[in-house]
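Asks: quick one, what's the 3D model for this:
(one chain, ligands or ions: 2)
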Amino acid sequence: MSELLNVQDVAKYFGGIKAVDGVSFTLNEGEIVGLIGPNGSGKTTLINVISGVYKPDRGRIIFEGEDITGMDPWDIFHKGIVRSFQIPRLFHKMLVVENVMVPHRNQRGENPLIAPFHSMWKPQEEELARTTLGTIMDFQLSRVRRNWASELSGGQMKLVEMTRSLMSEPKLLLLDEPVAGVAPKLAREIFSHIVRLRNEYDLTFLIIEHRLDLLFDYVERVMVMNYGKIIYDGDPEGVHKDPKVIEAYLGE
Ligand SMILES: Nc1ncnc2c1ncn2[C@@H]1O[C@H](COP(=O)(O)OP(=O)(O)OP(=O)(O)O)[C@@H](O)[C@H]1O
Ligand SMILES: [Mg+2]
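Replies: Ligands and ions are numbered 1, 2, ... in the order given. Next up is the predicted model:
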């Protein structure tokens, strides 16, 4: 397995809060890695730093051998790192942010604010959608594609978000609670799709998820954050037995 992402001693502080405090790890191509940890432990901030939303106060981020530290989100996106967002609170604001993320990496000319759902149904994208997403598209999104701006459920929004992430032909997907608010059965279907995508396209995933029983059925590696640091990096079986992890969760 070749190394895709190398995070070296990355830190991000908000005033006195050490949201990410010296994090180092590597992701190999084709890995599916779970990122867990108590609320406020720095998971979302870590994804924000990798995807360029925040510039790190310290450390380096290497993607495919290239130093991407401090690059703008748009440029990082075009390198093939795509992130999804945690539960949207401001729906309209969310849309703007996501619309920007939608076009294919190689189609910069398109107006990102118009592109989203029209482009989805053009042949090229439709082909992509069919082959890569299969049922996600069919059984959920085709139904809401005309009225999606008004009333999507949390689960539907997550599906839209995931679908869009994949439309851009990413290499690394950073998913922030992709199945939060999604019923268990559908959540499992989505995770099965993720595994299939990895198998078919060699995509790499870093996935934040709070439901460990669910997550652990699909990932082969788990990183645990606590107070901005990674306190565990290993197989899911070892997580429950690790004293530091137990303490982190009990002390929540
Ligand atoms: N923009 C910000 N400004 C100030 N503090 C922030 C900001 N973003 C995050 N923080 C703080 O940084 C810490 C880490 O937050 P973060 O959202 O990364 O945690 P998390 O692990 O994703 O939590 P959760 O599981 O609840 O989503 C928290 O103390 C949070 O309050
Ligand atoms: Mg978070």
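
Asks: how about the residue lying closest to D21 once chain neighbours are set aside, what does it touch?
Replies: The shortest distance from D21 to any non-neighbouring residue, by CB to CB, 6 or more residues apart in numbering, is to G228 (3.3 Å). In short, each C-beta sits where N, CA and C put it, glycine included. G228 makes contact with A11, K18, A19, V20, D21, G22, V23, S41, G42, T45 under the criterion CB atoms under 8 Å, 6 or more residues apart in numbering.

Asks: rerun that using 10 Å as the cut-off
Replies: Contacts here follow CB atoms under 10 Å, 6 or more residues apart in numbering; on that basis G228 touches 10-13, 17-23, 37, 40-43, 45-46.

Asks: which among those end up buried?
Replies: Among the contacts of G228, those classed as buried by 16 or more other CB atoms under 10 Å are 10-12, 18-21, 23, 37, 41-43, 45-46.

Asks: was I right about E247 contacting Y232?
Replies: No. Shown here, E247 and Y232 do not form a contact pair, counting by CB atoms under 10 Å, at 11.1 Å.

Asks: near ligand 1 at all, stretch 227-236?
Replies: No. Residues of stretch 227-236 are not located near ligand 1 by CB under 6 Å from any ligand atom, the shortest gap being 7.1 Å.

Asks: CA-only coordinates of that stretch in CSV, if you can.
Replies: Coordinates of each C-alpha in stretch 227-236 appear next as CSV, following Å, rounded to 0.1, in the frame of the first residue of the first chain:
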residue,chain,number,x,y,z
TYR,A,227,-8.0,16.9,23.9
GLY,A,228,-6.5,17.4,20.5
LYS,A,229,-4.2,14.4,20.5
ILE,A,230,-4.4,11.0,19.0
ILE,A,231,-4.3,8.6,21.9
TYR,A,232,-4.9,5.4,20.0
ASP,A,233,-4.2,4.3,16.5
GLY,A,234,-4.8,0.6,15.7
ASP,A,235,-7.4,-2.1,15.1
PRO,A,236,-11.0,-1.7,16.3
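
Asks: can you pull the buried residues of it?
Replies: Y227, G228, K229, I230, I231, Y232, P236.

Asks: pLDDT on it, on average?
Replies: Throughout stretch 227-236, pLDDT has a mean value of 97.

Asks: same question, stretch 19-28
Replies: On average, stretch 19-28 scores 98.

Asks: near ligand 1, anything from that stretch?
Replies: Yes. Contact of stretch 19-28 with ligand 1 (CB under 6 Å from any ligand atom) involves A19.
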